[in-house]
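Novice: missing the sequence, but the structure's below:
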C-alpha cells in the first residue's frame, strides 16, 4: 500500500484505517465499488490509499514527562507534604 504525503506515517495510516473499519462495521457505505467478499480492513486501506477518506490532523498533546523528572517531582512534593517532626528538646547522652 502506498502511504500518501498527507497521511505522513504508517502509524497514522493504521489508526485512520482502524477508525474507518469501525465505521464500516457500524454500517457506513464503502466508497469503493466491487468489494464483495473483501475484508473491511482491505477496503479501508484501499479507500485511504486512493484518497477517498477525509481526515484532519489534531494538535499533539503534552509530551510525556521523562521518568527521572517525574520521580524527582513526586519526591519533592512528598517532602513538602510530609509534616515536620517536632523535637522534644535537645538530645541527651548519658555518659555512664
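Specialist: Everything's here; your move. Because the structure is a prediction, the values reported are computed rather than measured. Numbers count the residues shown, from 1 in each chain.
Novice: tell me where this protein is predicted with low confidence.
Specialist: Applying pLDDT under 70 to the chain flags the ranges 59-70, 82-96.
Novice: now the helices for it?
Specialist: Per DSSP state H, the chain carries helices over the ranges 10-25, 40-49, 67-81.
Novice: tilt between the second one and helix 10-25?
Specialist: With axes from the mean of the first three to the mean of the last three CA atoms, to 10 degrees defining the directions, helix 40-49 sits at 120 degrees from helix 10-25.
Novice: returning to that earlier point: what's the most buried one of the helices of the chain?
Specialist: Highest mean neighbour count among the helices of the chain (mean count of other CB atoms under 10 Å): helix 40-49, with a mean of 18. In this view, the C-beta of every residue, glycine as well, is placed from N, C-alpha and C.
Novice: contact partners of that one?
Specialist: 1-4, 7, 13, 16-18, 20-21, 24-25, 30-32, 35, 53 (CB atoms under 8 Å, 6 or more residues apart in numbering).
Novice: 6 Å - rerun?
Specialist: Applying CB atoms under 6 Å, 6 or more residues apart in numbering, the contact partners of helix 40-49 are 1-2, 16-17, 20-21, 24, 30-32, 35, 53.
Novice: present those as TSV; the columns should include distance to residue 45.
Specialist: Shown next, in TSV, are the contacts of helix 40-49 (distance: CB to CB, whole Å):
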residue	distance to residue 45
1	5
2	10
16	10
17	5
20	9
21	9
24	11
30	12
31	12
32	11
35	12
53	10
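Novice: from those residues, which is closest to residue 76?
Specialist: Within the contacts of helix 40-49, the smallest distance to residue 76 is 41.1 Å, found for residue 16 (CB to CB).
Novice: residues contacting that closest one?
Specialist: Residues in contact with residue 16 (CB under 6 Å, 6+ apart) are 48, 55.
Novice: ok, which of the helices of the chain comes nearest residue 58?
Specialist: Using CB to CB, these put helix 10-25 closest to residue 58, at 10.9 Å.
Novice: any idea which of the contacts of helix 40-49 is the one closest to residue 79?
Specialist: The closest of those to residue 79 turns out to be residue 16 (CB to CB; 45.7 Å).
Novice: would you check how far apart residue 14 and residue 29 are?
Specialist: 22 Å (CB to CB, to the nearest Å).
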